[in-house]
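Trainee: Structure for the following, please:
(2 chains)
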There are 2 protein chains.
Amino acid sequence: MKRYNVAIVGATGMVGIEMKKILEERKFPIKELRLLASERSKGKKLEFSGKALLVEGLDENSFTGIDFALFSAGASISKKFAPKAVEAGAIVIDNSSAFRMNKDIPLVAPEVNLPALKLHQGIIANPNCSTIQLVLILKPIHDYARIKRIVVSTYQSVSGWGKEAVEQLWQETSEISKTRNPKVKVADRALPYQIAFNLIPQIDIFLNNGYSKEEMKIVHETRKIMQDDSIAITATTVRVPVLVGHTEVVNIETQNKLSAAVTKEILKEAPGVKIVDDLNKLQYPMPIDVAEKDDVFVGRIREDESIPNGINLLVVGDNLRKGAALNAVQIAEELIK
Amino acid sequence: MKRYNVAIVGATGMVGIEMKKILEERKFPIKELRLLASERSKGKKLEFSGKALLVEGLDENSFTGIDFALFSAGASISKKFAPKAVEAGAIVIDNSSAFRMNKDIPLVAPEVNLPALKLHQGIIANPNCSTIQLVLILKPIHDYARIKRIVVSTYQSVSGWGKEAVEQLWQETSEISKTRNPKVKVADRALPYQIAFNLIPQIDIFLNNGYSKEEMKIVHETRKIMQDDSIAITATTVRVPVLVGHTEVVNIETQNKLSAAVTKEILKEAPGVKIVDDLNKLQYPMPIDVAEKDDVFVGRIREDESIPNGINLLVVGDNLRKGAALNAVQIAEELIK
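Mentor: Predicted coordinates:
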């Protein structure tokens, strides 16, 4: 079996570490794994398949001999170094927002739009975490009943903003737990406000139309992956004091009749999707249950009685895993098939 | 000035204590305050206007001489004792769900449907916490542009379920903070699952249509208070690890054109509503800022680009205060005007 040289750019970040873990778990055929990060992390040692690997500083020569470069170090790093990696002969799978809306670059969730992958010219974009788990449940519904409009509200975990935000939640929680004073201010806050015992209705920066960048990512990326610009989407994204696992409350209006029972039948067959929906047993998806799971979990599936053809449901996924690292590795797996 | 004898039924609960506090703060003209609770709480002492009052056990004779009886001890207590209080000559303001949908009993948010109050026959129902903050922002929008449909997702704090749920969150948080293991099981859990670092997409029991009772309360109570059964509403309610303050993401479709700018103008004039919406200064409502505040806070007001006439916004209110105790005291204030 052919083996490949793989680089992870941003190897010490939460998604980078998850990428390394998933490559190992899924036994991706690796010859050499190169861990790349900023100067700050250079020289750190990380374990892979029982061996300690040295983290290297990222520079223009980092990609010599690399077959696949998995980027997760922010859009500016991707813009600067992804073209260098492609020049050096690597295929780039980029988890940043740098190239997602570039019309010549495929944006791929393998369960949804695998054929788009074939059109790549060296770079493939990995969708945003909040988009991936959404399209996995939307695609089979769209194929069956034609989606007209979607209203999404998100409940996004702090790990989506990186390890500094996770540390902020831990530190605030520890302080509050000591004093039982629910207001706290810790040093080196990664998020704009306190997140412990609070919600922040802002993810990423705000744009001129009053939406956050995260909200517009959901709108634009969903349409691109579903290859249908006629789908109307509106989103509100909110950060919640949860470590891992994004939750989305989704209201779906379809062109054709769609019952809750049929929705369940459709989603039962959907790749990468698992239904947790038994109200008698109080079973529904919750973030605490999805950490470390590959599947996207869906529940609370019911008809929306406020419109002729509507469905309400709730989808929860591990934002580091299917929302980022797993999806990137799945793309690499498809490319070597 | 005339002074009144007031009873609080459920005086040791979170809402009962808030009622006592608000009566004192707002200098409600009280002659005698009678604190009523279950046998378990009988004999406790609570302070009111600098005096220690003894909590009495609730029985059929508790209402002799009482002018206003504020109930917040659950629907079964209200069903049993509210008629007794009325027989004894008291006006009942009931914070339980017992009478809310009874067509002969007014369901009142004073800022929205004050005239309904006049029709009471002894009992007035106080709306559910998640409904009150919603109707305060919906009513002025409906008056201006006729609401066709509303999609609501809630982020509800644990205090909405009572002090046992608050204690569960404290205990779980304390355990997790010690071990940094995000899964925990404490004894005497009030909610169906762990709530610290988690979300529970269930509030109250589930009904046959797949909705929770809380979700259907929002639908039915909103229509009754707005006196318009033509308004289409669908809701998904979720419990979040927040102590006080319910957040609601609201998508509103109107019959007539309505810009974000006009929505802000309308809500600026709305009684009991305060706008916190300056994206340049990262200002938006958050639960941590609304505790102990009388107003309902609204922000993230923007046009929904997915339909011709749509507005997205976010509303946050203190569920114990405007969502329960304050609204009940405001009703009493209107009755003595």
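
Trainee: residue boundaries of the helices in chain A?
Mentor: Ranges of helices in chain A, per DSSP state H, are A:14-25, A:75-87, A:110-113, A:129-145, A:163-179, A:213-226, A:260-268, A:287-290, A:326-336.

Trainee: Listing request: residues of the stretch 1-150 of chain A with sub-threshold pLDDT.
Mentor: For the stretch 1-150 of chain A, no stretch has pLDDT under 70.

Trainee: could you check the distance from A:Ala261 over to chain B?
Mentor: Here A:Ala261 is placed at a distance of 11 Å from chain B (CB to the nearest CB, to the nearest Å). For every residue, glycine as well, the C-beta is placed using N, CA and C.

Trainee: So what's the residue count around that residue?
Mentor: Using other CB atoms under 10 Å in any protein chain shown, A:Ala261 is surrounded by 10 other residues.

Trainee: Repeat that for A:Lys178.
Mentor: 11.

Trainee: measure it to chain B for me?
Mentor: 8 Å.

Trainee: repeat for A:Asn309
Mentor: With CB to the nearest CB as the criterion, A:Asn309 and chain B are 13 Å apart.

Trainee: what sits against the nearest residue to that residue once chain neighbours are set aside?
Mentor: In this structure, A:Asn309 finds its nearest non-sequential neighbour in A:Thr254, 4.6 Å apart by CB to CB, 6 or more residues apart in numbering or on different chains. For A:Thr254, the contacting residues are A:Ile141, A:Ala145, A:Arg146, A:Ile147, A:Lys148, A:Asn309, A:Gly310, A:Ile311, by CB atoms under 8 Å, 6 or more residues apart in numbering or on different chains.

Trainee: The third one - how many residues pack around it?
Mentor: Using other CB under 10 Å, A:Arg146 has 15 other residues around it.

Trainee: wouldn't it be in contact with A:Gln255 here?
Mentor: Yes. With contacts counted by CB atoms under 8 Å, A:Arg146 reaches A:Gln255, the gap being 3.8 Å.

Trainee: For A:Asp94, list each beta-bridge partner.
Mentor: A:Phe71, A:Ala125 (DSSP bridges).

Trainee: burial of it, as a residue count?
Mentor: 28.

Trainee: In contact with it, which residues are there?
Mentor: A:Asp94 touches A:Phe71, A:Ser78, A:Ala82, A:Ile123, A:Ile124, A:Ala125, A:Asn126, counting by CB under 8 Å, 6+ apart.

Trainee: Let's see that with 10 Å instead.
Mentor: A:9, A:69-73, A:75, A:77-79, A:81-82, A:85, A:100, A:105, A:107, A:123-126, A:328 (CB atoms under 10 Å, 6 or more residues apart in numbering or on different chains).

Trainee: do the same with A:Asp104
Mentor: Applying CB under 10 Å, 6+ apart, the residues near A:Asp104 are A:Leu119, A:His120, A:Gln121, A:Ile123.

Trainee: What subset of those is buried?
Mentor: A:His120, A:Ile123 (16 or more other CB atoms under 10 Å in any protein chain shown).

Trainee: got a markdown table for the contacts of A:Asp104, with distance to B:Leu207 too?
Mentor: As requested, the contacts of A:Asp104 are exported to a markdown table (distance: CB to CB, whole Å):
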| residue | distance to B:Leu207 |
| --- | --- |
| A:Leu119 | 48 |
| A:His120 | 49 |
| A:Gln121 | 53 |
| A:Ile123 | 50 |
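
Trainee: Closest to chain B out of the contacts of A:Asp104?
Mentor: A:Leu119 (28.1 Å; CB to the nearest CB).

Trainee: Neighbours of the residue lying closest to that closest one once chain neighbours are set aside, how many?
Mentor: Using CB to CB, 6+ apart and skipping the chain neighbours, the partner closest in space to A:Leu119 is A:Pro106 (5.4 Å). The number of residues packed near A:Pro106 is 23, by other CB under 10 Å.

Trainee: these two touch, right, A:Pro106 and A:Leu117?
Mentor: Yes. Using CB atoms under 10 Å, A:Pro106 is in contact with A:Leu117, at 5.6 Å.

Trainee: where's the closest residue to chain B within the stretch 1-150 of chain A relative to B:Ile266, distance?
Mentor: Nearest to chain B, among the residues of the stretch 1-150 of chain A, is A:Arg149, at 5.5 Å (CB to the nearest CB). According to CB to CB, to the nearest Å, A:Arg149 and B:Ile266 sit 25 Å apart.

Trainee: what do you get for A:Gly13?
Mentor: On the measure of CB to CB, A:Gly13 and B:Ile266 end up 45 Å apart.

Trainee: Pick out whichever of the two has more residues nearby.
Mentor: Ranked by neighbour count (other CB under 10 Å), A:Gly13 and B:Ile266 place A:Gly13 first, with 22 against 19.

Trainee: Does the more buried one touch A:Ala73 like I think?
Mentor: Yes. Between A:Gly13 and A:Ala73 there is a contact at 6.7 Å, judged by CB under 10 Å.

Trainee: Now do A:Asp188 against A:Val244, distance only.
Mentor: 21 Å.

Trainee: got a pLDDT number for the closest residue to A:Gly245 other than its chain neighbours?
Mentor: Leaving aside its chain neighbours, A:Gly245 sits nearest to A:Pro287 (3.0 Å; criterion: CB to CB, 6+ apart). Note on A:Pro287: pLDDT of 98.

Trainee: got the contact list for A:Pro287?
Mentor: A:155-157, A:240, A:242-247, A:297, A:316-319, B:182, B:197-200.

Trainee: can you check A:Tyr211 too?
Mentor: Contacts of A:Tyr211 (CB under 10 Å, 6+ apart): A:217-219, A:234-237, B:279, B:300, B:302-305, B:312.

Trainee: and the closest residue to A:Gly10 other than its chain neighbours, how many neighbours?
Mentor: Distances taken as CB to CB, 6+ apart put A:Ala73 closest to A:Gly10, at 3.1 Å, once the chain neighbours are dropped. Residues near A:Ala73, counting by other CB under 10 Å, number 24.

Trainee: correct me, but A:Ala73 touches A:Phe81?
Mentor: Yes. Shown here, A:Ala73 and A:Phe81 form a contact pair, counting by CB under 10 Å, at 8.3 Å.

Trainee: need the residues of the stretch 1-150 of chain A near chain B, please.
Mentor: Residues of the stretch 1-150 of chain A lying close to chain B by CB under 10 Å from any CB of the partner chain are A:Lys148, A:Arg149, A:Ile150.

Trainee: Look up how far B:Glu253 lies from the first one.
Mentor: Just to be clear, that refers to A:Lys148. 13 Å.

Trainee: Torsion angles phi and psi at the residue nearest to A:Gly10?
Mentor: phi -130, psi 20 (degrees, to the nearest 10).

Trainee: quick one, what contacts it?
Mentor: By CB under 10 Å, 6+ apart, the neighbours of A:Ala73 are A:8-13, A:15-16, A:36-38, A:58, A:80-81, A:94-96.

Trainee: Which of those are buried? Put it as a PyMOL command.
Mentor: Of the contacts of A:Ala73, the buried ones can be selected in PyMOL as follows, counting by 16+ other CB under 10 Å:
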select buried, chain A and resi 8+9+10+11+12+13+15+16+36+37+38+58+81+94+95+96
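
Trainee: Name the nearest residue to A:Asn271, sequence neighbours excluded.
Mentor: That one is not Asn; residue A:271 is Pro. A:Glu111 (4.3 Å).

Trainee: residues touching that neighbour, list them.
Mentor: A:132, A:135-136, A:139-140, A:270-273, A:296, A:322, A:327, A:330 are the contacts of A:Glu111 under CB under 10 Å, 6+ apart.

Trainee: List only those of these flagged as buried.
Mentor: By 16+ other CB under 10 Å, the contacts of A:Glu111 give A:Ile132, A:Val135, A:Leu136, A:Lys139, A:Pro140, A:Ala270, A:Gly272, A:Val273, A:Val296, A:Lys322, A:Asn327, A:Gln330 as buried.

Trainee: Of those, just say which sits nearest to B:Phe28.
Mentor: B:Phe28 has its nearest neighbour among the buried ones among the contacts of A:Glu111 in A:Val296, at 52.1 Å by CB to CB.
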